[in-house]
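Asks: Provided below are the primary sequence and the corresponding predicted coordinates.
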Amino acid sequence: MEPLIVLVGVTCIVLITGGWKARPLRRLPTALRGGLAAMFLLTGGAHFVGMRDELIAMVPPVLPAPEVLVTVSGLFELVGALALLWAPTSGPAAGALGLLLLALFPANVYASGTATDWWDQLIPRTITQLIFLSATGTVMVDRLRATPLRWHGRKATAVPATKGAGGGSRDSSAIALTGKRRKADAGEWTAESSLVSPRERGGQVPGFRRIPNP
C-alpha cells in the first residue's frame, strides 16, 4: 500500500508544481517519472533497510538464494529509479522496471497466501501491480514517441532546399541522387576504358569515351 501512496502522491505533487510554475512538469508521463522514481527508491531501499527480512520471506521456496535475489532486485530498483529522472534513460528504465515487476509478481502471489491485511490479499496486490505496470508502460511509450526513429543506421532529418541555376528551388536529395548517378557513370566509363590498350588511349577510339587525366 505504501508504494502506491508514494506513486500517486508524488505524481500529483509534480503535476501541481507544473501547473503552478514549471510548464514541462504538466505532462502526465513526466509526472509519472517522478512518482515512479520516488516509489522505486522507497521499495529498493526496503530491500536493504527496514523490510529486508520480510522481503526475504516473500521469496517462494522453489527459488534458490533468497537473500541474493532480494539484494539484486533491490539494486535494480534503485538504479532504475535514478535512471527515470534522466530523460534519455527514462524509457529503457521504465521498460526494465516493468519487466522486473512481472518477475517479482510470483513473490506477491506467494506472500498473499499468508497475508492478514486486506490490501495484501491477492486481488488488491494484483490491481496494485497493474497500476504500477500501467505507469511504467506510459513512461516507456511516451519516451519511444519522443525519440526519433532510425532506419538502417540513418536518422530521419529534414532536407533543406537549395537554389538552382535558374533561380528555382532544388531539393538537395535530388542533387545527391544526381551525384550518385554521375559517380556510377564514371565507374562505367573507367570500366570501358580498361578495355583500351595503352597505345589507343592516346587517340580517339570509336566506341569508347576518353578519360581525362586526374
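Replies: Sure thing, it's come through.
Asks: so which residues of this protein form strands?
Replies: Secondary structure of the chain (DSSP state E): strands at 150-151, 154-155, 161-163, 169-171.
Asks: now Gly50. Its backbone dihedrals?
Replies: With angles defined as degrees, to the nearest 10, Gly50 sits at phi 90, psi -60.
Asks: give me the pLDDT for it.
Replies: Per-residue pLDDT puts Gly50 at 84.
Asks: same thing with Pro160?
Replies: For Pro160, pLDDT reads 43.
Asks: swap in Pro92?
Replies: 95.
Asks: thinking it is in contact with Ala83, fair?
Replies: Yes. Look at Pro92 against Ala83 with Cβ atoms under 8 Å: they come within range, at 7.3 Å. For every residue, glycine as well, the C-beta is placed using N, CA and C.
Asks: which one's more surrounded, the two?
Replies: Ranked by neighbour count (other Cβ atoms under 10 Å), Pro92 and Ala83 place Ala83 first, with 20 against 15.
Asks: residues touching the residue nearest to that one when sequence neighbours are not counted, list them.
Replies: With Cβ to Cβ, 6 or more residues apart in numbering as the criterion, Ala83 has its nearest non-adjacent residue at 3.5 Å, and that residue is Ala93. Taking Cβ atoms under 8 Å, 6 or more residues apart in numbering, we find Ala93 in contact with Gly80, Ala83, Leu84.
Asks: nearest to Gly34 among those?
Replies: Leu84 (8.0 Å; Cβ to Cβ).
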